[in-house]
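Chemist: What would the 3D arrangement of this be:
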Amino acid sequence: MLENIVIQSDEEKRLREILGSKNDPESERLKRFLNMPDLSRTPGNPLNELIKRLVNLPEFKGFDIIKSPEIVATNISFDIFNTPLDHPSRSKSDTYYVDENHVLRTQTTVMWYYHLSDDQIKKRIKNNETIGALSYGKVYRKDEIDRHHMNIFHQIDGWYLVPRSQKVIDIQDLQNVLVKIAQAIFGNHIKYRFNEDVFPFTDPSIEMEIEKDGKWVEVLGSGVVHKKVLRNLGIDPEKYTGWAFGFGLERLAIVSMDLPDIRLLWSNDERVKQQLKLDNKYKEVSKFPPVVRDISFVVNKDFVPNDYFDVIRDIGGDLVEQVELLDKYENAKKFGEGKLSYTFRVTYRSIERTLTNEEINRIHSKLEERTETDFAGKIRRE
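Modeler: Next up, the predicted model:
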């Protein structure tokens, strides 16, 4: 399973070197994220097994496998893909910015741009040939902290373009492919359904849901490639048409194995790793007890919870299982104008060992310190 198109980005190399020379908290954070392993390329990991099942489907025979940069220019990440200026993904509270014009890859959909930048693909387009590609790997988005979400996760994207003179792609063509994907992952007897959806880069768009334990779970987003996006990519939409899909690998792995905690996918505990097999229902190796701590503080109204969650991750690492907002309110008489009071409950739990109160007290004390220094917060102890 080797990539046959690996994009070498001088810009990414330069930005990584600049990051490497910095030691401020945000740069250290970004370096740590970029250095984390790509589980979709880690042999033995269920995300890698998912990839193998998908890239080997007959429907993708002849498709290019692309490895694209993880640091991407904002115009490539957003503008080309028809993302509105006020879209949340452009916000620094949702996306990791390396500098004003570059971000950590928020989705593997950016491979569309890199695929069409390849000289051989340009020739095939010029010769009015069909093209198809798959791309997978780590993506980065600021997110809440709980057992089913991480700010670093993995996606796979696929697309297929065909000259209109040969065929006009419609939703049914796409649905046929999505069914094969679902069956490859969940078995031929999986129940599924399609719903209309909205994405900036496809029109029309659909989502796919599967039935799991009597509940419908969304697993895939997809659609017909938007004409405006084709134009932005230098393709004449009157000559070409195509479908595209993209989805997170963790969600499918969690559903397949009934995983109770997304952190298990990163575990090095052999007792855990032996169980991480697709279609195998996970059984708890040992449920270690949680240690819960609350933190209350007063901050300015421009406080961004997603930025705070990053600091919690910095300090607590993979010992943080969940962060819940318990309380949020303003009281100008008590706290002053333009101030808000927050109370968060942090649940610490290791998936590999029992935590001690002493070590969690140390971690939580550091969190209080960073709340004061990084967010000008005033800790409330009453």
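Chemist: And the residue nearest to residue 293 when sequence neighbours are not counted, its phi and psi?
Modeler: Using Cβ to Cβ, 6 or more residues apart in numbering and skipping residues adjacent in sequence, the residue nearest residue 293 is residue 364, 4.6 Å away. Every C-beta, even on glycine, is put in place using the N, C-alpha and C of the backbone. Torsion angles at residue 364 (phi, psi; degrees, to the nearest 10) stand at phi -70, psi -30.
Chemist: residues touching the nearest residue to residue 6 once chain neighbours are set aside, list them.
Modeler: Residue nearest to residue 6 in three dimensions, not counting chain neighbours: residue 67, with 4.6 Å by Cβ to Cβ, 6+ apart. Residue 67 is in contact with 3, 5-7, 135, 137, counting by Cβ atoms under 8 Å, 6 or more residues apart in numbering.
Chemist: In terms of model confidence, name the weakest of those.
Modeler: Within the contacts of residue 67, residue 3 has the lowest pLDDT, namely 83.
Chemist: got a list of contacts for stretch 178-188?
Modeler: 50, 53-54, 57, 59, 190, 192, 194, 208, 210, 219-220, 222, 245, 252, 255-256, 278-279.
Chemist: In strands, which of these appear?
Modeler: Within the contacts of stretch 178-188, residues falling in strands by DSSP state E are 192, 194, 208, 210, 219-220, 222, 245.
Chemist: Looking at the residues you listed, which is nearest residue 119?
Modeler: Checking the ones in strands among the contacts of stretch 178-188 against residue 119 with Cβ to Cβ, the nearest one is residue 245 at 25.9 Å.
Chemist: now the closest one, nearest residue through space, not along the chain?
Modeler: residue 222 (3.7 Å).
Chemist: check contacts around the spatially closest residue to residue 25 that is not a sequence neighbour.
Modeler: The spatially closest residue to residue 25, leaving aside those adjacent along the chain, is residue 314, at 6.9 Å (Cβ to Cβ, 6+ apart). Going by Cβ under 8 Å, 6+ apart, residue 314 touches 25, 29, 370.
Chemist: What of residue 291?
Modeler: 347-349, 355, 357, 360.
Chemist: So which of those sit within helices?
Modeler: Mapping the contacts of residue 291 onto helices (DSSP state H) picks out 357, 360.
Chemist: Which parts of this structure are helices?
Modeler: With DSSP H as the criterion, the chain has helices spanning 10-20, 25-35, 46-55, 74, 111-117, 119-126, 171-186, 227-232, 249-257, 270-273, 305-316, 332-335, 357-375.
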